[in-house]
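Visitor: predicted model follows, preceded by the sequence.
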Amino acid sequence: MLFLREIIAFFQLTILPGWLFISLFAPGFGKFRTFLLIPGISLLINYLFASLALLFGVFNTPVCLGYTALCSIASLIFLWKNKRSFLQSSPASVIRDIKDTFPVRELFSRTEKQDKVFLCLAFTPAAAGVIFFLNWVFCATDNIFAYWDSALSWNSWAVNWFSGVIPYGTAEYPQAIPLNWALAYLITGETIQFVPKLTISLFPLLTVLFFFEYGIRRKNPAMLMAVFIFTIYTDHVDYIAHGGELDLLFAYIPTAILFMLLECKEEGKSNLFGKKLFCILLFVCTAGTVKQAGLYLLIAVFPAAYFFLKERFTDLKITRKMIFLSIAVSIAAALLLITPAYGVCLWRKFTGTHESNIDLVTNSIYGGKSCLERFICSIRLFFLRLQYGLPDIPSARWTVLPENVNIFRQTAALFKGKYLLGSFMLICNMLALFFAGKKRDMRILIGFTLPFFLIWSIFFCYDLRNLSLAIPFLALIAGSGLEGFFQTAAVRKVVSHGKFLTGKIWILLLALLLISAFIFRNNFNSGMRREKHAQQQIDKIGDKKTNMILRNFIRKNGSSRKIIHNYHYLKLIPELMPISELMELSLDNDTIRQSYLSAITDDSYAGILIDNFGTAEFFKDDINKRIKKGELKIESANQSFTFYLKNGIIKAEI
């Protein structure tokens with residue numbers, strides 16, 4: 001029954017609400033583009049339902065099941081009324097639709113030799129990028145949230161909503177994602193993370209499919225290259241390796257808006273044109289309810305849309321007065337939907353039930369650096385991460401990027417191993433500066449992206465993942481620059497005099513098959529999901545060695561004596577919860593000092609576990625004094641955490 005409930009929850013989170021809206025509203029996006037847009041609209045509709053249910057105090061399992069049943073019944077009624085078109089569908093027609101959506105054979109036919117070369121060079125890595133994210137979706141079915149943002153923030157808040165508890169520590173973060181995940185948990189009746197993890201993992205795949213489908217259908221190499229470049233960005237900037245699932249979802253939203261604008265630019269019917277613009281408004285609202293950076297879209301999308309669609313407005317005889325009135329109404333409607341998400345946060349802040357982190361993430365985290373210093377450091381960090389694929393740097397010490405890393409001195413290392421991808425990215429961005437700006441649409445895109453990049457570099461550069469809104473556009477701009485380079489007369493002349501293996505499509509497909517076999521080789525594991533879920537909590541959440549030491553401590557000493565700690569991951573591991581005594585040791589105030597001093601001298605506490613980079617100096621100094629007195633001893637230590645035990649406690653080391 002659990003798996004059946006999970007299937008129902010998955011459909012509710014990703015398909016049913018959005019599909020009903022698109023079917024009834026009929027904006028005319030086409031089958032495949034509609035398929036890509038449905039999850040984003042479903043996210044917003046589910047969030048609105050959950051918000052209303054919370055407002056009336058009925059966000060519980062019976063109501064959520066009723067909401068799901070209502071969506072399912074409405075879908076069945078719609079299918080019944082349109083049964084003729086569905087009954088006429090056959091496997092052959094489905095295959096034909098797929099061929100029409102991805103006309104790969106047409107991609108290389110009736111094309112000049114020079115263009116065919118570049119299309120082939122662009123298509124193969126683009127297809128590999130699609131396979132890469134498809135693999136990520138498969139991996140998500142056998143994984144859990146294991147890193148700070150996804151585990152300790154978003155999913156933790158979702159579990160709170162599921163349990164009927166208002167989450168604490170949400171700062172100014174809107175709750176669309178936690179409420180969607182809580183909806184899934186209420187439908188399934190358990191906090192098994194299968195549905196949220198699978199759902200959130202779909203969005204990067206949908207993002208690259210936007211580019212991939214358009215690139216094949218329009219024989220646009222820049223779009224195809226954007227898939228590969230986007231994949232490199234996400235890999236080098238640690239979106240995938242370190243809990244950046246929500247950031248990749250946030251990259252999906254502006255991508256969807258971009259391609260809806262492209263649809264509007266080609267639309268000849270004024271009624272469908274208006275409907276597509278309304279769908280853009282919905283996605284702007286979705287962005288605002290997912291992350292604070294979505295507010296940038298509220299400010300920037302409508303001016304960008306005006307310049308992007310200026311010629312289409314003229315063709316459809318839409319007056320300037322009507323345009324500006326529509327923009328004003330759209331902004332007002334978006335504010336009406338978005339404001340409650342932030343109004344609640346502000347109300348909790350002013351009533352003292354909530355702490356803001358605005359000053360922390362925009363100012364104090366940078367240690368007094370000026371805006372110019374932040375900008376220089378952010379540019380340096382951005383390009384070094386792309387070039388070298390640097391490991392994740394804890395945000396609290398983001399300024400300690402190794403000073404001995406010198407781009408010019410290490411030029412010889414650029415084309416070795418993994419550095420090759422980073423070097424390729426740097427070259428693409430250089431080309432983009434010269435070639436991409438020659439096209440009007442690209443100038444608009446650069447004008448849309450550059451202000452956000454500047455805002456990030458000055459106020460939010462403590463984490464590269466905060467740049468996620470701009471990543472798809474940076475990828476497209478770089479792809480356009482690469483296309484411009486290949487379209488130069490000199491390059492075309494070299495290609496025209498060379499020999500190129502045109503071959504058959506099956507050669508490319510065979511290469512992709514080999515790539516797929518390599519990527520998917522370790523995907524399928526056996527075992528019961530509940531047991532695996534529990535074991536993954538030890539293996540993947542936080543620091544595995546620390547988890548194992550704490551587990552061993554319980555086995556040797558029991559769970560009657562607690563451990564003081566600021567290791568926040570511990571609260572996500574039920575097996576270790578009995579010994580948990582969480583204290584915010586990163587903060588230094590009288591209340592926390594008193595709690596700490598009381599606990600450290602209490603015999604019911606066996607020791608203390610601290611985060612080496614997130615613990616205030618007062619507590620570190622006190623621990624060192626107690627070590628000198630012989631009261632504490634170091635049990636284990638690594639780069640991130642140190643575990644101290646009181647003398648007389650049985651050692652917990654593995």
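Guide: Arrived safely.

Visitor: does Ile564 really touch Tyr596, like I thought?
Guide: Yes: Ile564 lies in contact with Tyr596 (C-beta atoms under 8 Å); the separation is 6.9 Å. Every residue, glycine included, has its C-beta placed from N, CA and C.

Visitor: got the domain boundaries for the protein?
Guide: Following automatic domain parsing, one finds the domains of the chain at 2-349+363-496, 535-646.

Visitor: more neighbours, Ile564 and Tyr596?
Guide: A count of neighbours by other C-beta atoms under 10 Å puts Ile564 above the other of Ile564 and Tyr596, at 24 against 21.

Visitor: and Gly28, which of the three is it?
Guide: On the three-state scheme (DSSP: H, G, I helix; E, B strand; the rest coil), Gly28 is labelled coil.

Visitor: does it really touch Asn271, like I thought?
Guide: No: using C-beta under 8 Å, Gly28 is not in contact with Asn271, being 9.1 Å away.

Visitor: ok, these two, which is more surrounded?
Guide: More crowded of Gly28 and Asn271, by other C-beta under 10 Å: Gly28, with 16 against 11.

Visitor: quick one: contacts for the more buried one?
Guide: Glu267, Lys269, Leu272, Lys275, Lys276 (C-beta atoms under 8 Å, 6 or more residues apart in numbering).

Visitor: ok, how many other residues are close to the first one?
Guide: Looking back up the chat, that one is Glu267. 22.

Visitor: dump the residue contacts of Thr141.
Guide: Thr141 neighbours (C-beta under 8 Å, 6+ apart): Phe194, Lys197, Leu198.

Visitor: state the distance from the closest residue to the second one other than its chain neighbours to Lys628.
Guide: The reference is to Lys197. In space, and not counting its chain neighbours, Lys197 is closest to Ala140: 4.7 Å by C-beta to C-beta, 6 or more residues apart in numbering. Distance, Ala140 to Lys628, by C-beta to C-beta, to the nearest Å: 49 Å.

Visitor: where exactly do the strands run in the protein?
Guide: Ranges of strands in the chain, per DSSP state E, are 562-565, 580-582, 605-611, 632-637, 641-646.

Visitor: make TSV from those and add distance to Met322 to it.
Guide: Listed next are the strands of the chain as TSV, based on distance: least, C-beta to C-beta, whole Å:
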stretch	distance to Met322
strand 562-565	61
strand 580-582	57
strand 605-611	57
strand 632-637	67
strand 641-646	61
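
Visitor: shaky segments in the stretch 501-650 of the chain?
Guide: The model of the stretch 501-650 of the chain has pLDDT under 70 over residues 501-540, 648-650.

Visitor: for Gly189, what are phi and psi?
Guide: With angles defined as degrees, to the nearest 10, Gly189 sits at phi 80, psi 0.

Visitor: where's it relative to Pro178, distance?
Guide: Distance, Gly189 to Pro178, by C-beta to C-beta: 18 Å.

Visitor: quick check: neighbours shared by Ile564 and Tyr596?
Guide: In contact with both Ile564 and Tyr596: Met583, using C-beta under 8 Å, 6+ apart.

Visitor: so what's the residue count around Trp154?
Guide: Neighbours of Trp154 under the rule other C-beta under 10 Å: 23.

Visitor: residue contacts, it?
Guide: With contact set as C-beta under 8 Å, 6+ apart, Trp154 has these partners: Phe145, Ile177, Pro178, Trp181, Leu246.

Visitor: and the helices in the stretch 1-150 of the chain?
Guide: Counting by DSSP state H, counting those that start in this stretch, the stretch 1-150 of the chain has helices at residues 2-14, 16-25, 31-55, 61-81, 83-87, 91-101, 104-107, 113-140.

Visitor: chain center to the first one, what's the gap?
Guide: Averaging C-alpha positions (C-alpha atoms, centre = their mean, to the nearest Å) puts helix 2-14 21 Å from its chain's average.

Visitor: mind listing residues that contact it?
Guide: Here helix 2-14 makes contact (C-beta under 8 Å, 6+ apart) with 38-39, 42-43, 46, 67-68, 71-72, 180, 183-184, 187-190, 192, 194-195, 198-199, 202, 529.

Visitor: buried ones in it?
Guide: Using 16 or more other C-beta atoms under 10 Å as the test for burial, helix 2-14 gives Arg5, Glu6, Ile8, Ala9, Phe10, Phe11, Gln12, Leu13, Thr14.

Visitor: same question, the third one
Guide: Applying a neighbour-count criterion of 16+ other C-beta under 10 Å, the buried positions in helix 31-55 are 32-51, 53-54.

Visitor: still on that earlier bit, need the buried ones from the contacts of Gly28 selected in PyMOL.
Guide: The buried residues among the contacts of Gly28 can be selected in PyMOL (16+ other C-beta under 10 Å) with this line:
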select buried, resi 267+272+275+276
